[in-house]
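Trainee: I would like the atomic coordinates for the input below:
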Amino acid sequence: MSNKYTVKKIEKKKDYLSISWNDNFKSKFHFLWLRDNCPTAIHPTANMRVFNILNVSKNIFPKKINIKKNNLNIDWSEGNHKSNFRLKWLRDHCYTEINKQKYKSPYKFWNGNLKKNFSKIILNHDKIIKNDKHLKKWLELLHSYGFAIVKNSPTKKKSGFRVLNRISHHRETFFGTPFEVINIPKPNNTAYTAQALRNHTDLPYFEYAPGYQFLHCLVNNASGGNSSVVDGFAVANYLKKNEKDVYKLLTRTYVKFKDTDYTQKSIRVLHSPIITLTRENDFNDVRFSMAAMGTIDVDPKKMKRFYDAYQYFASLLQNNKFKIDFRLEAGDIFCFNNRRVLHGRTEFDPNSGNRHLQGYYIERDEIIARLNYFNKLKI
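Mentor: Below you'll find the predicted structure:
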């Protein structure tokens, strides 16, 4: 065992154990935390906590401690209970050390220049199906860049399920799965027309908007209908660095998103900032859809400044500095983080040929969870 996992000194303090390791790092382990994380507290197969924190008092303490064979052994003051911790487990889960670590964002921001290295985000369908190494690479691209294109997929209807099931189960919505992106009469969504679509995220009126979207191109021989993609986090980061007032408005102002789909007996309304952040002040999601924006009802004192910020953000999302234009070919699956990456298309002529995509959603949780599995995340 390395110095990192070897104890030099252990002391019992008022409400925690202090452990000095041979690499000169010092950890604190509070008594209740230790009792709550006793190895017996976890079910051996369900891997869930079975210990009830209410079964001990806040005054519990170790009556006796000793280290033997790379284990910390504790006799507790309550319940005639003993705990045996592996020293390696304790150090790996040392919250003193964890809270000293500087947060590093997993996101790689990109702009229009990525088009020059488009091959970086392109993968082969059959390799993902057959090889976990390529599946992992796909997941890594989706998590870090927020989008990828899978080439040479089958063009049979619903064949997208096979490669998506390599990740996890899909998310169902009222549009059905897969949903058909084609030009139809009396559409209930502008995606089901031949009109141009401004760059947007899907379903921003849901409290938890779908995490990832997959648009599987079955045929695209119509004139027009080129796709576009924008890294919303990169644009937000540009605002953070260069337009602080705009950034503050878009992260703190709640606006209304709505859906009144005539095929549904429901009216969906959600208030949310356009840009939301995580506890580390990293980007959580971007919600942006002019089509799904409700009537703005922010404070009158703020309205002019909000619209200036909103319009400026919208202009950046259409700017060639950030935007990439490309054409989907039959067999392509356009995959992207719907809570980060905005997508759109140019108008197409339905009389010149066919354009048919099938769409699927998967939660962002499922992408990250599968990637955690491949990376053998310690929890």
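Trainee: so how far is the first residue of stretch 282-302 from its last?
Mentor: Terminal residues of stretch 282-302 lie 25 Å apart, using C-alpha to C-alpha, to the nearest Å.
Trainee: list the buried residues in it.
Mentor: In terms of neighbour count (16 or more other C-beta atoms under 10 Å), stretch 282-302 has its buried residues at 283, 284, 285, 286, 287, 288, 289, 292, 293, 294, 298. For glycine as for every other residue, the C-beta is placed from the backbone atoms N, C-alpha and C.
Trainee: next one: stretch 267-284
Mentor: Result for stretch 267-284 [16+ other C-beta under 10 Å]: buried residues 268, 270, 272, 273, 274, 275, 283, 284.
Trainee: what does stretch 180-187 give?
Mentor: Going by neighbour count (16+ other C-beta under 10 Å), the buried part of stretch 180-187 is 181, 182, 183.
Trainee: report the beta-bridge partners for the first one.
Mentor: Pointing back at residue 181 there. residue 357 (DSSP bridges).
Trainee: quick one, helices of the protein?
Mentor: Along the chain, counting by DSSP state H, helices occupy 31-36, 87-92, 95-98, 125-130, 132-144, 160-164, 232-242, 244-252, 300-317, 364-374.
Trainee: quick one: closest of these to residue 224.
Mentor: With respect to residue 224, and counting by C-beta to C-beta, the nearest of these is helix 300-317 at 20.4 Å.
Trainee: export the helices of the chain to TSV and tack on distance to residue 73 and mean pLDDT?
Mentor: Putting the helices of the chain into TSV (distance: least, C-beta to C-beta, whole Å; pLDDT from 0 to 100) gives the following:
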stretch	distance to residue 73	mean pLDDT
helix 31-36	12	98
helix 87-92	11	96
helix 95-98	21	96
helix 125-130	47	98
helix 132-144	39	97
helix 160-164	48	97
helix 232-242	48	98
helix 244-252	49	97
helix 300-317	58	97
helix 364-374	31	96
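Trainee: compare the ones you listed and give me the one nearest residue 210.
Mentor: The closest of the helices of the chain to residue 210 is helix 364-374. By C-beta to C-beta, the value is 8.4 Å.
Trainee: so what does the closest one touch, helix or strand wise?
Mentor: helix 132-144 (3 or more C-beta pairs under 8 Å, 6 or more residues apart in numbering; DSSP states H and E).
Trainee: packing partners for the helix it packs on?
Mentor: The contact analysis (3+ C-beta pairs under 8 Å, 6+ apart) places helix 132-144 against strand 122-124, helix 125-130, strand 147-151, strand 333-337, helix 364-374.
Trainee: can I get those in TSV including mean neighbour count and distance to residue 247?
Mentor: Below are those laid out as TSV (neighbours: other C-beta atoms under 10 Å; distance: least, C-beta to C-beta, whole Å):
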stretch	mean neighbour count	distance to residue 247
strand 122-124	16	32
helix 125-130	17	37
strand 147-151	21	23
strand 333-337	25	20
helix 364-374	16	23
